[in-house]
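[1] Sequence below, structure please.
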Amino acid sequence: MKASMAWGLLLAAGVLDVLWALSMKQAEGYTRPGWTLVSVALLASFVWLLGRSLTVLPVGTAYAVWTGIGAAGTAIAGIWLFGESLSLARVAGIGLIVAGVGVLKLAP
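    Numbers count the residues shown, from 1 in each chain. Predicted coordinates:
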């Protein structure tokens, strides 16, 4: 697999991680069977994609990028979908995560 494909899989894994977090919220402590199944399917999917990307990418970089996408994406989704607080500190934190992901992506 080429590095560009691995990065694409990693990006997809990050997006699925965000969707997984949102599905866990909807599952309400895994008391709603439909959302629970969606959550488990998303979990399995992003773990598989992350594992595939690790065949090419360094584990430290890939894991940090994946968690960064998940953390920043979930924070943004929480603000947008659930009305979670939006403060200068949260925006700065998200910006730092995104900057860190960018630096890791560009690092040799």
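[2] which secondary structure element contains the residue positioned nearest the centre of the chain?
    The chain has residue 70 as the residue nearest its centroid, 2.3 Å off, counting by CA atoms, centre = their mean. Secondary structure assigned from DSSP states H and E places residue 70 in helix 59-82.
[3] Averaged pLDDT, that helix. What do you get?
    Mean per-residue pLDDT for helix 59-82: 92.
[4] any idea which helix or strand comes after that helix?
    Of the helices and strands lying after helix 59-82 in sequence (DSSP H and E), the nearest is helix 88-106.
[5] Could you list the buried residues of that next one?
    94, 97-98, 101, 104 (16 or more other CB atoms under 10 Å). (Glycine included, C-beta is placed from N, CA and C.)
[6] Including distance to residue 32, could these go into a markdown table?
    Formatted as a markdown table, those follow (distance: CB to CB, whole Å):
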| residue | distance to residue 32 |
| --- | --- |
| 94 | 29 |
| 97 | 30 |
| 98 | 32 |
| 101 | 32 |
| 104 | 36 |
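[7] Which one of these is nearest to residue 16?
    Comparing the buried residues of helix 88-106 against residue 16 with CB to CB picks out residue 101 as the nearest, at 16.1 Å.
[8] Now do the contacts for the closest one.
    Counting by CB atoms under 8 Å, 6 or more residues apart in numbering, residue 101 touches 64-65, 68-69, 72.
[9] And it, how close does it get to residue 66?
    Separation of residue 101 from residue 66 (CB to CB, to the nearest Å): 9 Å.
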